[in-house]
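Asks: got a structure for you, letters missing:
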């Protein structure tokens, strides 16, 4: 405290202690909201009144004291007041249909059982064929009654090697729905080189929730 008094040029310990307390007060509130301004002003006014009662301070002494306090706040507390913005972790690029379905489930969608197809088990016999998807999964949605002994109902993810192939696949699926009627209509969304397909039993609101989360993924 004595050293602090010498630094700011005040010899009386009671005054030095008050100045020190105000300085700490400035540091504490600099990084908070606007309320610190009102609290700080109140403390300064009380301190000046106290000092004027016990000491014959000239106006320049008071201004000198206030200047020191403000400099202490800016220079001494500036580092703590400057808080670097939090950086979000960079999103990892998803490279397979299985990674996409796992991420969708982790983000809170009602995905249950997931079936990962291979070239041998793919019911469409398209996996790995020229201009077709290189990976495919089908998943159950918990809001839909699931058939026993059959593949899950809810949706699927098909992964392609380029944008042209995934676009052609979506156009083909949309065309089937238009030709064959409501029973074959489904929701479908492209993100990068992946196609998310959703069963028409899902409501538009449920499909929109899938779409929102899916389109935010890095694929």
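Replies: Great, that's in hand. This is a predicted model, so every value here is computed, not measured.

Asks: In the chain, where is pLDDT below threshold?
Replies: Segments of the chain classed as low confidence (criterion: pLDDT under 70) are 1-88.

Asks: try 50 this time
Replies: Low-confidence regions of the chain, defined by pLDDT under 50, span residues 4-5, 7-8, 10, 31, 55, 57, 63, 74-75, 78-82.

Asks: Counting neighbours, what do you get for residue 191?
Replies: By other Cβ atoms under 10 Å, 18 other residues sit near residue 191. For every residue, glycine as well, the C-beta is placed using N, CA and C.

Asks: can I assume it is in contact with residue 211?
Replies: No. With contact taken as Cβ atoms under 8 Å, residue 191 and residue 211 are classed as non-touching, separated by 9.3 Å.

Asks: Just the element for residue 166, please.
Replies: In this assignment (DSSP states H and E), residue 166 forms part of helix 163-180.

Asks: Kindly report the same for residue 205.
Replies: Here residue 205 sits within helix 204-215, counting by DSSP H and E.

Asks: And that helix, what's buried?
Replies: 206-207, 210-211, 214 (16 or more other Cβ atoms under 10 Å).

Asks: which secondary structure elements does that helix contact?
Replies: Contacts defined by 3 or more Cβ pairs under 8 Å, 6 or more residues apart in numbering; DSSP states H and E place helix 204-215 against helix 97-106, strand 187-191, strand 194-198.

Asks: which residues sit against that helix?
Replies: Helix 204-215 has contacts (Cβ atoms under 8 Å, 6 or more residues apart in numbering) with 100, 104, 107-109, 141, 143, 155, 187, 189, 191, 196, 198, 202.

Asks: and if you look at stretch 110-118?
Replies: For stretch 110-118, the surrounding residues in contact (Cβ under 8 Å, 6+ apart) are 97-98, 101-102, 104-105, 123, 127, 135-143, 146, 151-152, 154.

Asks: Check stretch 190-198 too.
Replies: By Cβ under 8 Å, 6+ apart, the residues outside stretch 190-198 that reach it are 94, 97, 100, 133, 154-163, 165-167, 169-170, 173, 186-189, 207, 210-211, 214-215, 217-219.

Asks: which residues in this protein form helices?
Replies: For the chain, applying DSSP state H gives helices covering 2-8, 13-30, 35-54, 59-71, 77-81, 97-106, 163-180, 204-215.

Asks: okay, the angle between the helix holding residue 166 and strand 194-198?
Replies: Here the directions of helix 163-180 and strand 194-198 differ by 20 degrees (axes from the mean of the first three to the mean of the last three Cα atoms, to 10 degrees).
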